[in-house]
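Q: Here is a sequence together with a model predicted from it:
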Amino acid sequence: MSDRKNVDFNSIYCGLRPEVGRFRLSQNGLGWKGGDRTIIVATDDLKKLTWMKAARGYELRVIQKEDNILRFDGFKLEDLEDLREAVKIFYKMPVEVKEVSVKGWNWGKTEFHGSNLAFTVGNKTMFELPLAQAIAANKPGKNEVAVNFVDPGQSAPEGINPKDMDELMDITFYVPGTVAKEAGEGGEEEVDEEEEVNADVVFHETIKSKLELSQMTTENIVQFQEVLCLTPRGRYNIDMYQDFLRLRGKTYDYKILYSNIIKLFLLLKPDEVHVLFVIGLDPPLRQGQTKYPFLVFQFVREEEIEIDLNLEDEALNKFENALQKHYDAPTYEVVSNLFKALTGRKVTVPGSYRSHHGATALKCSMKANEGFLYPLEKSLLFIPKPPTFIPLNEIGVVTFSRVGQTGGSSRTFDMKFSMKSGNDIQFSSINREEYANIEDYLKQKKIKIKSESNGDTLINYDLAELDDEDDDEEDEDYSRKKRRTDTNPATAGQDDEDEETDEDFAPDSDSEVPEEYDSDAQVSESEEDASE
């Protein structure tokens with residue numbers, strides 16, 4: 001062995017790569033070559049070598065001085081002696097043999113090795129998690145810390161059939177008790193109660209720091225601090241990179257790829273003080289079992305920001321003048337421009353629709369949640385909670401309730417969207433003054449309308465599709481309806497402002513769709529007596 005210049009091992013895997021290669025040790029270092037990839041580690045960069053049982057035979061783990069870890073699988077048990085002798089001669093260091101726990105216990109200790117998290121039972125490693133591949137860490141409950149690895153709906157790696165792949169999506173740790181404030185990475189020193197903190201908080205912060213180090217391979221382009229998010233509720237720091245963004249809050253930390261962003265909306269609230277920036281995601285964001293297909297951020301309209309992007313001129317040229325080096329403008333404009341450039345998506349803004357008071361949205365409620373319904377060119381959007389997207393081409397019929405009541409017994413009406421998919425979406429507590437404007441909007445979009453106050457008469461404004469025999473009956477019904485609504489006139493102020501047409505969008509079947517509930521709000525006997 002002492003006369004040999006190198007030692008080779010065949011049929012060795014590198015990490016999770018499917019192809020096999022040749023592993024070689026020499027005086028200058030060690031290396032692996034398989035397919036079109038070659039990995040070389042110099043002798044001066046070697047810190048530690050460990051041997052342990054793995055899924056594909058035995059594994060040699062190479063730990064570099066910067067705590068980077070390389071795994072080589074496929075060794076046989078009889079290879080250990082040759083490997084030990086070669087490492088001792090070439091690198092003057094031992095090969096540490098680590099035993100693996102097979103007890104099946106679900107309690108133990110955690111240790112951090114670089115960007116890896118090791119779960120040990122009785123000083124034996126049970127499993128390890130590569131935090132470099134994690135996308136988020138959050139606290140779903142008391143003493144609980146969850147680590148997410150894969151977004152639901154994310155496509156399988158190229159060349160791999162999803163049916164042939166099992167993949168860890170998330171894992172939750174239960175971390176009871178307290179630890180010393182100075183303990184840092186999972187230490188368990190016993191000190192005074194005043195100097196202790198909850199162990200789950202320390203564990204969560206440590207994992208978040210590992211995620212930041214593993215994800216920040218390049219510096220961020222820009223950061224927006226303490227941005228108010230209405231859905232999900234909280235304040236987040238938004239770190240924007242060239243391929244993804246990170247949302248960092250007190251409890252949740254997310255990594256979102258720009259390729260997962262499919263919709264962008266920039267909407268002015270009726271108070272004309274705040275601006276809402278809505279991001280549509282597919283797959284949606286998750287907090288425990290709750291899914292959020294839309295993120296709703298709120299900005300103060302008059303708030304301005306002055307920033308410089310952390311991009312060289314060469315990188316700016318790749319965006320074809322869509323980005324500027326320096327910005328000094330309202331915050332919502334800067335944020336929307338950056339998202340538009342980095343995602344390649346169009347930002348949809350309000351169009352010609354105006355409410356009775358001249359706003360771009362009308363106030364209403366979905367079940368117990370108050371919000372605003374924005375009628376757009378190709379869709380309607382209700383925000384902030386629950387954000388509900390309604391494409392116009394998916395609407396079967398719109399039913400109005402309590403519109404024709406007289407005597408001042410009701411100042412509001414209800415509106416139900418019966419979708420072609422069979423779902424019903426109900427909006428209530430809409431001011432009677434908004435009826436004429438929303439009716440004209442639906443009329444222009446050729447949406448079928450049913451008014452329960454008129455004996456469930458169906459009104460179809462797409463007259464070109466009606467038969468001649470139906471025309472007379474529909475016109476007569478519409479005339480009767482018009483005479484009723486004339487008793488409560490409403491002004492309709494519409495401006496001819498153009499809107500950027502939003503793209504067709506099919507909401508995820510798992511998104512939150514409100515259940516149908518009874519919209520037949522009847523007038524009580526006491527109210528009838530009062531009106532008489």
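A: Thanks, I have it. Numbers count the residues shown, from 1 in each chain.

Q: I'd like to know how far the residue positioned nearest the centre of the chain sits from I238.
A: When C-alpha atoms, centre = their mean is applied to the chain, the residue found nearest the centroid is L285 (2.9 Å). Distance, L285 to I238, by C-beta to C-beta, to the nearest Å: 13 Å. C-betas here are computed from N, CA, C, even on glycine.

Q: Please apply the same query to E320.
A: E320 sits 23 Å away from I238, going by C-beta to C-beta.

Q: When these two are compared, which one has more neighbours?
A: I238 (21 against 8; other C-beta atoms under 10 Å).

Q: mind checking the SS state of the more buried one?
A: strand (DSSP: H, G, I helix; E, B strand; the rest coil).

Q: which residues of the stretch 201-350 of the chain fall in helices?
A: 313-317, 331-343 (DSSP state H, counting those that start in this stretch).

Q: Can you list the low-confidence ranges for this structure?
A: Residue ranges of the chain with pLDDT under 70: 1-4, 150-165, 182-194, 212-218, 404-409, 453-532.

Q: hey, where'd the helices end up in the chain?
A: 79-91, 199-215, 313-317, 331-343, 435-444, 468-486, 525-531 (DSSP state H).

Q: Give me the buried stretch members for the second one, please.
A: If you call a residue buried by 16 or more other C-beta atoms under 10 Å, then helix 199-215 has these buried ones: A199, D200, V202, F203, H204, T206, I207, K208, K210, L211, S214, Q215.

Q: could you dump the helices of the stretch 201-350 of the chain to CSV with distance to T43?
A: Shown next, in CSV, are the helices of the stretch 201-350 of the chain (distance: least, C-beta to C-beta, whole Å):
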stretch, distance to T43
helix 313-317, 37
helix 331-343, 42
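
Q: wait, which of the ones you listed is closest to R248?
A: helix 331-343 (15.8 Å; C-beta to C-beta).

Q: one step back: correct me if wrong: the residue nearest to the centre of the chain contacts Y292.
A: Yes - taking C-beta atoms under 8 Å as the definition, L285 is a contact partner of Y292 at 4.4 Å.

Q: anything in contact with each of these two?
A: Common contacts of L285 and Y292 (C-beta atoms under 8 Å, 6 or more residues apart in numbering): P232.

Q: what number of residues lie near F277?
A: 21.

Q: quick one: it from E333, how far?
A: Taking C-beta to C-beta, one finds F277 at 10 Å from E333.

Q: repeat for D82
A: Counting by C-beta to C-beta - D82 and E333 are separated by 65 Å.

Q: And L281, by the same measure?
A: 22 Å.

Q: do the same with L285
A: 24 Å.

Q: Surely F127 is in contact with F119?
A: Yes - with contact defined as C-beta under 8 Å, F127 counts as touching F119 (5.3 Å).

Q: So if I had to pick from those two, which one is more boxed in?
A: F119 (19 against 14).

Q: check contacts around that one.
A: Contacts of F119 by C-beta under 8 Å, 6+ apart are G108, K109, T110, T125, M126, F127, E128, L129.

Q: Please flag which of those sit within strands.
A: Judged by DSSP state E, these include K109, T110, T125, M126, F127, E128, L129 as members of strands.

Q: which among the buried residues of helix 199-215 gets closest to D36?
A: S214 (25.2 Å).

Q: tally of neighbours for P18?
A: 9.

Q: what angle sits between the longest strand along the chain and helix 331-343?
A: Of all segments of type strand in the chain, defined using DSSP E, the longest is strand 274-287. Interaxial angle of strand 274-287 relative to helix 331-343 (axes from the mean of the first three to the mean of the last three C-alpha atoms, to 10 degrees): 50 degrees.

Q: Walk me through which strands strand 274-287 pairs with, and which way each runs.
A: Here strand 274-287 is paired, per DSSP bridges, with strand 261-268 (antiparallel), strand 290-300 (antiparallel).

Q: how many neighbours does the closest residue to L60 other than its chain neighbours have?
A: Closest residue to L60 apart from its sequence neighbours, by C-beta to C-beta, 6 or more residues apart in numbering: F72 at 4.8 Å. Counted with other C-beta under 10 Å, residues neighbouring F72 total 21.

Q: show me the contacts for F72.
A: Counting by C-beta under 8 Å, 6+ apart, F72 has contacts I12, Y13, C14, F23, W32, E59, L60, R61, V62.

Q: likewise K142?
A: D200.

Q: phi, psi of it?
A: The phi/psi pair for K142 (degrees, to the nearest 10) reads phi -60, psi 130.

Q: Roughly how far does it sit from D200?
A: With C-beta to C-beta as the criterion, K142 and D200 are 8 Å apart.

Q: Now D313: closest residue in space, sequence neighbours ignored.
A: D313 sits nearest to K325 (C-beta to C-beta, 6+ apart), 7.6 Å away.

Q: okay, now the one you found: neighbour count?
A: Using other C-beta under 10 Å as the criterion, the residues surrounding K325 number 11.

Q: Could you do D82 as well?
A: Number of residues near D82 (other C-beta under 10 Å) recorded here: 14.

Q: so the residue lying closest to it once chain neighbours are set aside bridges to which residues?
A: Spatially, and ignoring its direct neighbours in sequence, D82 is nearest to V7 (6.5 Å; C-beta to C-beta, 6+ apart). Beta-bridge pairing for V7 (DSSP bridges): L25.

Q: Just confirm V7 contacts K88, I think it does.
A: No - look at V7 against K88 with C-beta under 8 Å: they stay out of range, at 11.5 Å.

Q: more crowded one of the two?
A: Ranked by neighbour count (other C-beta under 10 Å), V7 and K88 place V7 first, with 19 against 13.

Q: what about stretch 281-293, how long is it end to end?
A: 5 Å (C-alpha to C-alpha, to the nearest Å).

Q: repeat for stretch 398-413
A: Using C-alpha to C-alpha, the two ends of stretch 398-413 sit 13 Å apart.

Q: All set now, cheers.
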